[in-house]
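Student: Fold the following, please.
(4 chains)
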2 protein chains.
Amino acid sequence: MATESTHPVHRKITLNDIARECDVSRATVSLVLRGSPLVNKHTRARVEEELRRQGYVYNRAAANLRRRTSSSIALVLNDLANPFFAEFAAGVDAAVGDAGFVTLLGCTSESSTREQAVLGSLIEHGPAGIILSPAEGSNAQQVLAAMGAQTPLLLFNRELGGDLPEYAHWDLLMLDNQRGTRLATEHLIAQGHRRIAFFGGHRDSSSCRQRHAGYAEAMQAAGLRIEPHWQVECAPTRLDAAGQTAALFAAEPAPTAAVCYNDAVALGLMLGLNQRGLQPGRDFALTGFDDIAEASMSMPPLTTLTAAPRDRGRQAAELLLQRLREPAASTRRTIAPVQLVIRESSCPPTTA
Amino acid sequence: MATESTHPVHRKITLNDIARECDVSRATVSLVLRGSPLVNKHTRARVEEELRRQGYVYNRAAANLRRRTSSSIALVLNDLANPFFAEFAAGVDAAVGDAGFVTLLGCTSESSTREQAVLGSLIEHGPAGIILSPAEGSNAQQVLAAMGAQTPLLLFNRELGGDLPEYAHWDLLMLDNQRGTRLATEHLIAQGHRRIAFFGGHRDSSSCRQRHAGYAEAMQAAGLRIEPHWQVECAPTRLDAAGQTAALFAAEPAPTAAVCYNDAVALGLMLGLNQRGLQPGRDFALTGFDDIAEASMSMPPLTTLTAAPRDRGRQAAELLLQRLREPAASTRRTIAPVQLVIRESSCPPTTA
DNA sequence: GGTTACATTTGGATCGTTCCAATCAGCGGA
DNA sequence: TCCGCTGATTGGAACGATCCAAATGTAACC
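Tutor: Below you'll find the predicted structure:
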C-alpha cells in the first residue's frame, strides 16, 4: 500500500496499476478488458470496478505493437477543401469508425511532393491500409517509394501516372465519368438539342478525358457533328469558366447547349451567359457534374451528375477493409455509377 | 547467414534486421536513424545503405511507447461536410503536419452520443491533444467522461453546455460573432439604412445569440428602433430562409435591409426577394456570415463576414501545440477576428 | 608503460500490452 | 491417498523502439 490513494492525477494508469490494486495478475486484467469468458465473474466485477475507479484508458498502441496489428486507416486527399472530397472523407470516416478503426488524415494540396511527404509520415504510424486520391501529376513509382509495397492501397478518383509495378496490388475505385457525360449528352439530345458543346476542364486530366469521351460517344451515336470551337478548355473554376464563355460563340454555328466538365464550370458558364444576355435554362441548356450543394440552389437549378460522394467514401473504406480481410485476393477495379439529376438548366432548345 | 537474401517480402524489417546485417548493435542503428552525431561517419554510411536496401520503415508507435510521447493530434468535428469545417480541417492538418504530428480524424454528425464514442475511440490511440468542435447539445461532463482530464483539449467554434470542471484546463478558440454582425450592421447604417432586420438562425444556438447581440448593439448605438417582425428565425438553410422571406414584410414598416445569420440564409433570402419581385442589391440590401465559396459568385455578390476558416484551423492547431509545450500555462480563451467583405449586395437604400 | 581523454559502441532494461505454457485449487472417483 | 479433470490464474517472454550506464578502442600525454 504505497501512497496510492492520493491521486496525483498525472501519470498514466496501466494494467499493472489495476492488477496490483486487485491482487491479480496483469494477464487477468487483460483478459477482463477483452471480455474473455475464462475469468471468474466475481473477479471480473472487482477488476471492472477498479478500472472505472482509477479512470483507466486502454493503450491501443501498445496492444497493436504486441499483436502486430493496426487499428488505423490512412486517408490521403488532394483537396479536402473541395466539398466533394469533404463529403467523401466524412463517408470514409464513418465506415472506418464502424469497423473499429480510426482515420489518419493527410492533405496534399495537389502537390505530388507533398504527397510523398505525407505518405512517408503516415506510413510510419503503421496504418492497416491507405486510401489515396492522388495529387495531380502523381505517379506510381513515387507513391511506391514513399509507402513501400507492404500496405494495401486503394486509389480513388484518379489513376496514377507511370507504370504500376506488378507486385504492388493496388485496388481502384473510380467514378463512371464516361457514362455520366454520356447520359447527360443523351438527355440534352432527347430534349431536342443538336448543337451541343463540351465545356471546361483540362484535357490532360484523366477525368476530363473520360468525360469528354462520354460526350463524344453520345454525339457520335446520335450521328451529330462536333464543331471544333464547341470544345473549350478552361480551369475547373467558376471564374475561368465565366471568362471562357465567349469562345463558345466565337464562330458559327453556335451551340444551343453545353455539357460541362463539372458544376463549378457550369455555374461559371451561367454567369458568362448572363453577361451575354442569355438566360441559362431558357435560352441555353447546360449540365454539370458532381452535384455540389449549390447545384440545386442556383438560378436555374442545375441538371448534373451525382456521384454521392459520401456513399463513395463508405464504399472506398469497405473495399479497403475487404482487402484487409483477404490480402491475397486479386486486385479489384471498381467503377462507381453516377446518376443524372434532371433540373431546370437542361431546357429544350428555343424554337427560334 | 540464414536464408536472408531470398527476400520473402512479407515481414516487417526492424532495427534488429539491419543491425544483424551490418554487424552493429540495435542501439547504433537507432542512433543513425535519429541522426546522432555520436556515430562514426563510416558506420553511418554502411547502416544507411542497409536501411535503404532492405526498405526499412520506422515504427513510430513503438518509439512512442518507449519514449512515452505521442505524435498525433485528434480532430473531432461536428460536420466535416460543411465547407467551413472542411477548410478548417485542411488548416489544422497543414499545421499539425508541419509540426511533425499526424491528424486523427473523427466526425460526430452533430450527435453528442456519437461524439462520446468517437472521443473514446480516439483517446485510446493516445493523441497528444484534441481539437474539438462540439456537436450541438454536447456538454462538459460528457466530454470529460469520454476523454478524461489527461489530454489537453482545444474547443473550437462552440462552447460546451454544463459546468466546466475546474481541474480540466481547456483552451478555447471562438469566432467574434458579435463584432462581426456589429460591423455588418454599422456598414448598412453607414449606407443610409434605418430599418434593418436580423434574419435567420435559431435563438437557442450560442452563435446565433452572439450574432443577434452584435446587430442589436449597433442598432442601439445608432439610436435605431427594432420592430418585432424584423427579427425572423429560421433554420440555417437556403430553403427555409427563402420560405420565411414573407415574414419580413408582414407588417409596416418594412425593413430596407437585413443582416443575415449566415450566407446560406442570405442566399435563401435573395431567392425569396426575387420571388417577391425585389432585386437584392438594388431594392433591398443584405449581408451574410461565413464567406462561403458561393458568396462571391452569387447575383449580386454577397457582402459578408469572413472568418478565414483555413487560418482558424492553423491557429487552432498552433494554440494546441503551444499548450503541449507549456502544459501548466493558464488556459486561454482566444476570440478570432472576422472581417467584413463588402460586395454589391449591401447597396444604399432606394430613395423612394 | 600507465593514466587520462575522447570518440564509438553496446547490452540489457524498459514502455504497456498480449501470448503461451505452466500452475494451482478444488473436487469426484478409484 | 493418489490421480485426473476442469476452471481460473499466472509468470515470463515477446512486440520494436529508446535510454543509460558501462565497455571498448585509440590516441595522447607524462
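Student: and the residue most central in space within chain A, what element?
Tutor: By C-alpha atoms, centre = their mean, chain A has its centre lying nearest to A:F88, at 4.2 Å. Under DSSP states H and E, the secondary-structure element containing A:F88 is helix A:83-98.
Student: By neighbour count, which bits of that helix are buried? Give me those.
Tutor: Neighbour counts using 16 or more other C-beta atoms under 10 Å in any protein chain shown place A:83-97 of helix A:83-98 among the buried residues. No exception for glycine: its C-beta is placed from N, CA and C like everyone else's.
Student: try stretch A:189-203
Tutor: Going by 16+ other C-beta under 10 Å, stretch A:189-203 has these buried residues: A:I189, A:Q191, A:H193, A:R194, A:R195, A:I196, A:A197, A:F198, A:F199, A:G200, A:G201.
Student: Then stretch A:227-234?
Tutor: In stretch A:227-234, counting by 16+ other C-beta under 10 Å, buried: A:H229, A:W230, A:Q231, A:V232, A:E233, A:C234.
Student: want to throw the residues you listed into TSV with pLDDT, secondary structure and distance to DNA strand C?
Tutor: Conversion of the buried residues of stretch A:227-234 to TSV gives the following (pLDDT from 0 to 100; DSSP: H, G, I helix; E, B strand; the rest coil; distance: C-beta to the nearest atom of the strand, whole Å):
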residue	pLDDT	secondary structure	distance to DNA strand C
A:H229	95	helix	66
A:W230	96	helix	63
A:Q231	96	strand	59
A:V232	96	strand	59
A:E233	95	coil	56
A:C234	94	strand	55
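Student: Tell me how many other residues crowd A:N78.
Tutor: By the criterion of other C-beta atoms under 10 Å in any protein chain shown, A:N78 has 23 neighbours.
Student: Ignore what I typed, I meant A:R67.
Tutor: Neighbour number of A:R67 under other C-beta under 10 Å is 10.
Student: one step back: contacts with DNA strand D among the buried residues of stretch A:227-234, please.
Tutor: The overlap between these and the neighbourhood of DNA strand D (criterion: C-beta under 7 Å from any atom of the strand) is empty.
Student: which of these lies closest to chain B?
Tutor: A:C234 (15.2 Å; C-beta to the nearest C-beta).
Student: shouldn't the closest one be in contact with A:G201?
Tutor: Yes - at 7.4 Å, A:C234 counts as touching A:G201 under the criterion of C-beta atoms under 8 Å.
Student: Need the residues touching each of these two.
Tutor: Shared contacts of A:C234 and A:G201, defined by C-beta atoms under 8 Å, 6 or more residues apart in numbering or on different chains, comprise A:V265.
Student: closest point of chain A to chain B, which residue?
Tutor: A:A86 (3.5 Å).
Student: How much space separates the residue nearest to that residue when sequence neighbours are not counted from B:K12?
Tutor: Closest residue in space to A:A86, ignoring its immediate chain neighbours: B:A86 at 3.5 Å, by C-beta to C-beta, 6 or more residues apart in numbering or on different chains. The spacing between B:A86 and B:K12, counted by C-beta to C-beta, to the nearest Å, is 35 Å.
Student: Show the pLDDT at A:L160.
Tutor: Per-residue pLDDT puts A:L160 at 89.
Student: If you tally nearby residues, what's the number for the nearest residue to it once chain neighbours are set aside?
Tutor: Leaving aside its sequence neighbours, A:L160 sits nearest to A:A140 (C-beta to C-beta, 6+ apart; 4.4 Å). Other residues near A:A140 come to 18 when the count uses other C-beta under 10 Å.
Student: Likewise for A:S330?
Tutor: When neighbours are defined as other C-beta under 10 Å, A:S330 has 7 of them.
Student: ok so A:R314 is a strand residue?
Tutor: No - going by DSSP: H, G, I helix; E, B strand; the rest coil, the assignment for A:R314 is helix, not a strand.
Student: these two touch, right, it and A:A95?
Tutor: Yes - in this structure, A:R314 is within contact of A:A95 by C-beta under 8 Å, at 4.4 Å.
Student: Phi, psi for A:L122 please.
Tutor: Torsion angles at A:L122 (phi, psi; degrees, to the nearest 10) stand at phi -70, psi -40.
Student: just to revisit the earlier point, could you check how far the residue of chain A closest to chain B is from DNA strand C?
Tutor: Using C-beta to the nearest atom of the strand, to the nearest Å, A:A86 is found at 34 Å from DNA strand C.
Student: hang on, the earlier thing: check pLDDT for the buried residues of stretch A:189-203 and point me to the minimum.
Tutor: The minimum pLDDT among the buried residues of stretch A:189-203 falls on A:G201, with 92.
Student: What residues does that residue make contact with?
Tutor: Applying C-beta under 8 Å, 6+ apart, we find A:G201 in contact with A:S207, A:C208, A:R211, A:H212, A:E233, A:C234, A:P236, A:Y261, A:N262, A:V265.
Student: tell me the contacts of the fifth one?
Tutor: It refers to A:E233. A:G200, A:G201, A:H202, A:R203, A:Q244.
Student: neighbours around the spatially closest residue to A:G91 that is not a sequence neighbour, how many?
Tutor: Distances taken as C-beta to C-beta, 6+ apart place A:G313 nearest to A:G91, at 2.2 Å, with adjacent residues excluded. Per other C-beta under 10 Å, the neighbour tally for A:G313 reads 26.
Student: what's the answer for A:I335, then?
Tutor: Quick note: A:I335 (other C-beta under 10 Å) scores 13 neighbours.
Student: Bridged to it, which residues?
Tutor: Beta bridges link A:I335 to A:M174, judged by DSSP bridges.
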